[in-house]
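# Below are the sequence and a predicted model; questions follow.
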Amino acid sequence: MTVRTRYAPSPTGVPHLGNLRTALFDYLLARHSGGQLILRIEDTDQARYDPGAVEGLLQSLRWLGIDWDEGPDIGGPYGPYVQSQRLEHYRAAAGRLLAQGDAYECWCSAERLDAVRAEQARNKQPPKYDRRCRDDAGRASARAEAEAEGRSCVVRFKTPLAGEISLADAIHGETAFDLATIDDFVMLKSDGFPTYHLAYIVDDEMMRITHVLRGDEWLPSAPRHALIYRALGITPPIIAHVPRVLGPDGAKLSKRHGATSVFEYRDQGYLPDAVFNFLGLMGWSLDDHTEILSRQQFIEHFTLDRIVRNPAIFNVEKLTWMNGVYIRDMPEEQLVALFADRLERDLRPEVARPLDRALVARLAPLIRERVKLLAEVAAYCDFFFIDDLRYSRDDLLGKAYAGRAEEARAALEAVALLVAETAWAHDALEAALRELAGRLAVKPGDLFSLVRVAVTGRRVTPPLFESMEIVGRERCLARLRAAAKALA
RNA sequence: GGCGCCAUCGUCUAGAGGCCCAGGACGCCGCCCUUUCAAGGCGGAGAUCGCGGGUUCGAAUCCCGCUGGCGCUACCA
């Protein structure tokens, strides 16, 4: 039997990292076993429906490099893959359940339901539907009221009043639930749309899904699902309730923890490979030491039994570290393209575009091991592109030359003289400046710092002499003289 | 209130009775390298394996209880 997994998000907002992690697991499981990943849109909540969300969902998956075999955009043999287009199937299933006596119509008003729950809460009772419509008499009177008010009904499952139902979970094992604690839950809403419980079961069955991965917040509803499977005569798929991804304070990941959408990470310059790797390790591990895994390795090794049970707290610092690893390990050519694109976006507007790729290619090796986020690139190398450097007098003088502007000015003049005549190679430049430092009786590092700011406008830069070599003699000279002049 | 899930360094995790007075990674601290910053190398601090009982010659690993955190308890998913 081929494995068929599905990722079935609700289009209710921006794609969330936690959800994406589940999608990643679905993808990995499918690819590991040579099966298929199905994408299905669960838009059964008309109130929360966000029309732009589907496109965002698709984009975020594509960005992460997760591809699917059937879905709303590409179709497939079991379509449509959007639940709002499959209402007839849910109605048919509900009809069957009704006919079998496993469900009943409930005509109670929302107001009555609220009142019942409020009363239960006052009495410290578990809030549950009081089953007024479960028997014919109650239903008839409720129906009369409803029809007088022009309301329609919902369809509820007729949960057995007593007994137990047990269910198997691929991660949590077997759990038994007391049926007495389970409500007569709604399967079909009054607007004709199904609830999640009915819809996913009908679809998974029709779409031949073999493995269901979902957040473990669904675990408490699983016995309801077991009831539906049984009543419909469906053999349940393998179900795995995966632990969730939480914010740093242990609460549900939300905007106040910083970025929750993949797009924000993408825009900051996190690489899809790094995010993929990082997410793949949230709740799953290969062994006791492997941190960096390629997509292929993930696919090769991913199995359900190595998913942990406890929730994972999202740790951006580790993601950032990992991103740095990916930047350092990336093929040169690819990195240059990435840097160039990013620079074209981040550099001051007066810098002419497109950028000189050959120049980017020269500077890339100088900064690649310093950059953890693409967003940092410009700060490391903007001086290669900009001549109008902006720095303060204090920055220029630094600690070493603080209060000794005249000495600094003289030193810069001397450097300029050397720079004008030294062979244009970083090692020659370094040798010359070291020698000058000796003559000036200053520490080489102090002199270099002065020159660094004069030439780059920054106190933190790639290696100075390699940078100067790339900036070029004339531009270096101009910058040194400008700095000296500023100190005069 | 009811039901359920979870519980190893701050964080991600390894661990499926002896290999563990608990290993790796991020982060943190120190040293080395060094023109700044990184990267890299070396070293360190950091978990009485939530607590209490069992079972066992022996428990992070099995059982029970407790505590804590979280989730569900909607005509949301």
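Happy to help now that I have it. Numbering: from 1, shown residues only, chains lettered A, B, ... in the order given.

# Identify each of the helices in the stretch 251-400 of chain A and give its residue range.
A:262-268, A:272-280, A:295-301, A:316-329, A:332-346, A:357-367, A:377-381, A:393-397 (DSSP state H, counting those that start in this stretch).

# now swap in the stretch 51-200 of chain A and tell me
A:53-64, A:87-100, A:110-122, A:136-149, A:196-206.

# To RNA strand B, which of the helices of the stretch 251-400 of chain A lies closest?
Distance to RNA strand B, taken as C-beta to the nearest atom of the strand, is lowest for helix A:316-329 among the helices of the stretch 251-400 of chain A, at 3.4 Å. (C-beta placed from N, C-alpha, C; glycine too.)

# Just the residues contacting that closest one, thanks.
For helix A:316-329, contacts defined as C-beta atoms under 8 Å, 6 or more residues apart in numbering pick out A:258, A:265, A:269-271, A:273-275, A:277-278, A:291-292, A:335, A:368-369, A:371-374.

# swap the cut-off to 7 Å and go again
By C-beta atoms under 7 Å, 6 or more residues apart in numbering, the residues outside helix A:316-329 that reach it are A:258, A:270-271, A:273-274, A:277-278, A:292, A:335, A:368-369, A:371-373.

# RNA strand B next: which of the residues you listed are close?
Counting by C-beta under 7 Å from any atom of the strand, the subset of these that neighbours RNA strand B consists of A:Glu369.

# Make JSON lines out of the helices of the stretch 251-400 of chain A and add mean pLDDT and mean neighbour count.
As requested, the helices of the stretch 251-400 of chain A are arranged in JSON lines below (pLDDT from 0 to 100; neighbours: other C-beta atoms under 10 Å):
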{"stretch": "helix A:262-268", "mean pLDDT": "94", "mean neighbour count": "18"}
{"stretch": "helix A:272-280", "mean pLDDT": "97", "mean neighbour count": "22"}
{"stretch": "helix A:295-301", "mean pLDDT": "97", "mean neighbour count": "16"}
{"stretch": "helix A:316-329", "mean pLDDT": "97", "mean neighbour count": "17"}
{"stretch": "helix A:332-346", "mean pLDDT": "96", "mean neighbour count": "17"}
{"stretch": "helix A:357-367", "mean pLDDT": "96", "mean neighbour count": "17"}
{"stretch": "helix A:377-381", "mean pLDDT": "96", "mean neighbour count": "21"}
{"stretch": "helix A:393-397", "mean pLDDT": "93", "mean neighbour count": "16"}
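
# any low-confidence regions in the stretch 151-300 of chain A?
Applying pLDDT under 70 to the stretch 151-300 of chain A flags the ranges A:256, A:258-259.

# picking that back up, a markdown table for the helices of the stretch 251-400 of chain A, including distance to A:Ala251?
Converted to a markdown table, those look like this (distance: least, C-beta to C-beta, whole Å):
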| stretch | distance to A:Ala251 |
| --- | --- |
| helix A:262-268 | 19 |
| helix A:272-280 | 19 |
| helix A:295-301 | 28 |
| helix A:316-329 | 16 |
| helix A:332-346 | 33 |
| helix A:357-367 | 37 |
| helix A:377-381 | 33 |
| helix A:393-397 | 41 |
